[in-house]
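A.B. asks: Here is my input, please return the structure:
(2 chains)
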There are 2 protein chains.
Amino acid sequence: MAGGEDIRLDPWGAIEIKDYNRLFRVFGIRPFIEVARLLRHAGMEPSLHMRRGIIFGHRDFDKVLLAKARGEPVAVLTGFMPSGRFHFGHKLTVDQLIYYQRNGFKIFVALADAEAHIVRRMPREESFRIAVEEYVANMIALGLDPKKTEFYFQTNRDTPYYRLVQLFAGKVTAAEMEAIYGDLSPAKAMAALTQAADILHVQLEEYGGYKHVVVPVGADQDPHLRLARDLADRMHGIIKLERPASTYHKLQPGLDGKKMSSSRPDSTIFLTDPPETAKKKLFKALTGGRATAEEQKRLGGIPETCSVYHMDLYHLIPDDKELDKIYTACRTGELLCGQCKAIAWEKLEKFLEEHQRKLEKAKNIAWSIIETPRF
Amino acid sequence: MAGGEDIRLDPWGAIEIKDYNRLFRVFGIRPFIEVARLLRHAGMEPSLHMRRGIIFGHRDFDKVLLAKARGEPVAVLTGFMPSGRFHFGHKLTVDQLIYYQRNGFKIFVALADAEAHIVRRMPREESFRIAVEEYVANMIALGLDPKKTEFYFQTNRDTPYYRLVQLFAGKVTAAEMEAIYGDLSPAKAMAALTQAADILHVQLEEYGGYKHVVVPVGADQDPHLRLARDLADRMHGIIKLERPASTYHKLQPGLDGKKMSSSRPDSTIFLTDPPETAKKKLFKALTGGRATAEEQKRLGGIPETCSVYHMDLYHLIPDDKELDKIYTACRTGELLCGQCKAIAWEKLEKFLEEHQRKLEKAKNIAWSIIETPRF
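C.D. replies: Below you'll find the model as predicted:
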């Protein structure tokens, strides 16, 4: 790591990343803006998250776009640890999957039951239920097409996948894993190598043959990507694996101003929250408002530190012009927090009502398409 | 570990164990003699290695014998790391497999290609060839019935087996693995957890349902057994696994007085050695003879430190009375080393000639029954 920089990204921790620019300097992530103009060459319009700078960085995504433009197969892989309820932070990733799916990418979703069990000590039956009823069902209800998505439980995956986990173990040292992940238990080492197999195995013949893979993650997940890239290099001569591409999004700030987390229910809105619960959370959420209405009218609010504005930005107001109006009205002191929350609530209520209506059917589909591991 | 005792058994090292009694005190291995009288209750005659005290210790082998007497299914599991040529040290284990097979035990043989690759850095194609042509072929030529033996490559095993490897990772701490194995790389952690899965997975429904399992090992392999036993306990409530039983044999001393090892070809005789090579090795082997013939006639030789006597004891002279005569003639100074080597060579030459005659056919059988991993 560069002198004076002591950034360590902990994929299992709960850090907040304040200075995204440091990621470019220290870890070699490239600004997303550099590849944005290749999107149309690949037949794609920028997504909401790309347009709005939420997706701010990438590695090798240009290669994926150029490959897609040449007509080569492309895919997205993501993973979820099924250990809590599905919330708007997860939706941010799923929206990206849906975008890529509609643009012709094959979608793979790892349900990280092994990781949930060995790192988080989740009872297995509970993690199966959460994976299917919370994660998969909500993804389907959001619009991910289950027929074009390969969902799998880690502990249900077959031999070629686990062969990678085994072979990878010989290609890292304890010192390297500690440098990337900090304190390293056998559980974390196994979870990290398994996650590398998640990312890389979809290139194998057994899983449909080579395809260019992009992994959309929050910046805190970059250690997993760096490990997967190194392992792809180190398998040279043993098995042909290419480095995965990745994109990096800014994590949506929680309603309490900290990181969104299932373990602090007031930090986020779950997509299964009853309307009254969601409304309460939204109305007590941290805003960028001033101490008094008078002051706010005079100085304007600060959308950048407002969790409600970020709900609009990430989820509730897809129309850029409409969002610009909210932003400007806040900054100029025209729009006070109460009114602004009422606008957001109107949209959120409608969203939740429609989403939850779709969810029961989506649960049935989820159970019908996914085989849970035997023990 | 008990105060003052600093024994650490390193399954990847090359230590020699001088004081077997310490294993009873420090590690809780029980003397084999305590269970020997249950053999006949289970319908078995003691094997050559049992009769001769080569198998000196056990854990829970009494439970296996009692279960067998009740007519319950019993099995043996062993593993070989396919990274060198098959020698008389390996034959010691295979003779035990054959004995158990003839007594109605199901036999499982793990071909530890994952371990060979990640711990020993063996090229994979090379380890496949060695596994089949050296290990499996020699086992078949020695008399192991391939129709009643399940040989498998670790990286060809399927999901329920690898599910165990995953789940086990959450049940050990780094400190525990370091205490058992010393310096712990991700490669060794993976190899150790995989070996635990080798030992335990044969109890699962997917591999024929529950059976009482005994693992015959050299005492240096006990750390793997202790880990497997602890993991079986710790999986309580997640999956039903019982502690494996084990037996412990004294390692046959090498022809140079050190540990037998494929990496020092003069320390052992390979079962594929040309007769002239084997003869040379035997005739220059370390004996328990005295400095001069005169001295030896006067004081007698020392069979306990003689590698040729151990070839007789472990392999060449199955008849106890015949062996007693050699032993006594040596101790009384009647038999000098040259004559003794000539007797051993006569038996070894005959053995090698017959074995190597069977080997070509055994190789064909080996290739026909074993599927090698794809990459």
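A.B. asks: C-alpha from now on. contacts and neighbour counts both.
C.D. replies: Noted.
A.B. asks: Can you name the residues of the stretch 201-350 of chain A sitting close to chain B?
C.D. replies: Neighbours of chain B within the stretch 201-350 of chain A, by Cα under 8 Å from any Cα of the partner chain: A:238-239.
A.B. asks: Could you check how many residues crowd around the residue of the stretch 201-350 of chain A found nearest chain B?
C.D. replies: The nearest approach of the stretch 201-350 of chain A to chain B comes at residue A:239, 6.7 Å away (Cα to the nearest Cα). When neighbours are defined as other Cα atoms under 10 Å in any protein chain shown, residue A:239 has 14 of them.
A.B. asks: which residues does residue A:285 contact?
C.D. replies: When contacts are counted by Cα atoms under 8 Å, 6 or more residues apart in numbering or on different chains, residue A:285 touches A:255-256, A:307-308.
A.B. asks: one step back: can you tell me how far the closest residue to the residue of the stretch 201-350 of chain A closest to chain B other than its chain neighbours sits from residue A:206?
C.D. replies: Spatial nearest neighbour of residue A:239, chain neighbours left out: residue B:375 (6.7 Å); criterion: Cα to Cα, 6 or more residues apart in numbering or on different chains. Distance, residue B:375 to residue A:206, by Cα to Cα, to the nearest Å: 11 Å.
A.B. asks: quick one: low-confidence parts of the stretch 1-150 of chain A?
C.D. replies: For the stretch 1-150 of chain A, applying pLDDT under 70 flags the ranges A:1-19.
A.B. asks: hmm, try it at 80
C.D. replies: Low-confidence segments of the stretch 1-150 of chain A (pLDDT under 80): A:1-23, A:25-26.
A.B. asks: What parts of it come near chain B?
C.D. replies: The interface of the stretch 1-150 of chain A toward chain B, taken as Cα under 8 Å from any Cα, is made up of A:114, A:117-119, A:121, A:124.
A.B. asks: how does it look with 10 Å?
C.D. replies: A:113-121, A:123-125 (Cα under 10 Å from any Cα of the partner chain).
A.B. asks: Out of the contacts of residue A:285, grab the one that's most surrounded.
C.D. replies: Using other Cα under 10 Å as the neighbour test, the contacts of residue A:285 are led by residue A:308, with 27 neighbours.
A.B. asks: May I ask you to confirm that that residue is in contact with residue A:267?
C.D. replies: No - using Cα atoms under 10 Å, residue A:308 makes no contact with residue A:267, being 11.6 Å away.
A.B. asks: joint contacts of the two?
C.D. replies: Taking Cα atoms under 10 Å, 6 or more residues apart in numbering or on different chains as the criterion, residue A:308 and residue A:267 both touch A:253-255, A:282, A:285-286.
A.B. asks: Contact partners for residue A:319?
C.D. replies: So residue A:319 contacts A:48, A:312-313 (Cα under 10 Å, 6+ apart).
A.B. asks: Please name the bridge partners of the closest residue to residue A:149 other than its chain neighbours.
C.D. replies: Of all residues not flanking residue A:149 in the chain, residue A:107 sits nearest, at 4.9 Å (Cα to Cα, 6+ apart). Under DSSP bridges, the beta-bridge partners of residue A:107 are residue A:76, residue A:149.
A.B. asks: And for the one 4 residues further on?
C.D. replies: Legend: beta-bridge partners of residue A:111 under DSSP bridges are residue A:80, residue A:153.
A.B. asks: Against chain B, how distant is it?
C.D. replies: In this structure, residue A:111 and chain B are 14 Å apart, going by Cα to the nearest Cα, to the nearest Å.
A.B. asks: ok, which stretches of the stretch 151-300 of chain A are helices?
C.D. replies: Secondary structure of the stretch 151-300 of chain A (DSSP state H, counting those that start in this stretch): helices at A:159-169, A:174-181, A:186-201, A:222-234, A:275-283, A:293-299.
A.B. asks: list the buried ones in the shortest one?
C.D. replies: Counting neighbours by 16 or more other Cα atoms under 10 Å in any protein chain shown, one finds that the buried residues in helix A:293-299 are A:296-297.
A.B. asks: Need the residues that contact it.
C.D. replies: Helix A:293-299 has contacts (Cα under 10 Å, 6+ apart) with A:288-290, A:292, A:300-302, A:330-337.
A.B. asks: Point out where the stretch 151-300 of chain A drops to low pLDDT.
C.D. replies: A:182-183.
A.B. asks: For the nearest residue to residue A:261 once chain neighbours are set aside, list the residues it contacts.
C.D. replies: Spatial nearest neighbour of residue A:261, excluding adjacent residues (Cα to Cα, 6+ apart): residue A:267 at 6.3 Å. With contact taken as Cα under 10 Å, 6+ apart, residue A:267 is in contact with A:87, A:253-261, A:281-282, A:285-286, A:307.
A.B. asks: right, and the pair among the residues you listed with maximum separation?
C.D. replies: Using Cα to Cα, the contacts of residue A:267 reach their maximum pairwise distance at A:87 and A:286, which is 17.4 Å.
A.B. asks: which residue ends up closest to the midpoint of chain A in space?
C.D. replies: Nearest to the geometric centre of chain A sits residue A:93, at 3.6 Å (Cα atoms, centre = their mean).
A.B. asks: Please, which helix or strand holds it?
C.D. replies: Assigned by DSSP states H and E, residue A:93 belongs to helix A:88-102.
A.B. asks: what's the answer for residue A:347, then?
C.D. replies: For residue A:347, the host element (DSSP H and E) is helix A:337-369.
A.B. asks: What residues sit buried inside that helix?
C.D. replies: Within helix A:337-369, the residues scored as buried using 16+ other Cα under 10 Å are A:337, A:340-341, A:344-345, A:348-349, A:352, A:355-356, A:358-359, A:362-363, A:365-367.
A.B. asks: just the angle between it and helix A:275-283, please?
C.D. replies: Orientation check (axes from the mean of the first three to the mean of the last three Cα atoms, to 10 degrees): helix A:337-369 against helix A:275-283 gives 130 degrees.
A.B. asks: Can you give me the domain boundaries for chain A?
C.D. replies: Domain ranges of chain A: A:20-255, A:265-362, per automatic domain parsing.
A.B. asks: what residues are up against the residue in the stretch 251-375 of chain A positioned nearest to chain B?
C.D. replies: Here the stretch 251-375 of chain A gets closest to chain B at one residue, residue A:375, 6.7 Å apart by Cα to the nearest Cα. By Cα under 10 Å, 6+ apart, the residues touching residue A:375 are A:124-125, A:155-156, B:160, B:163-164, B:238-240.
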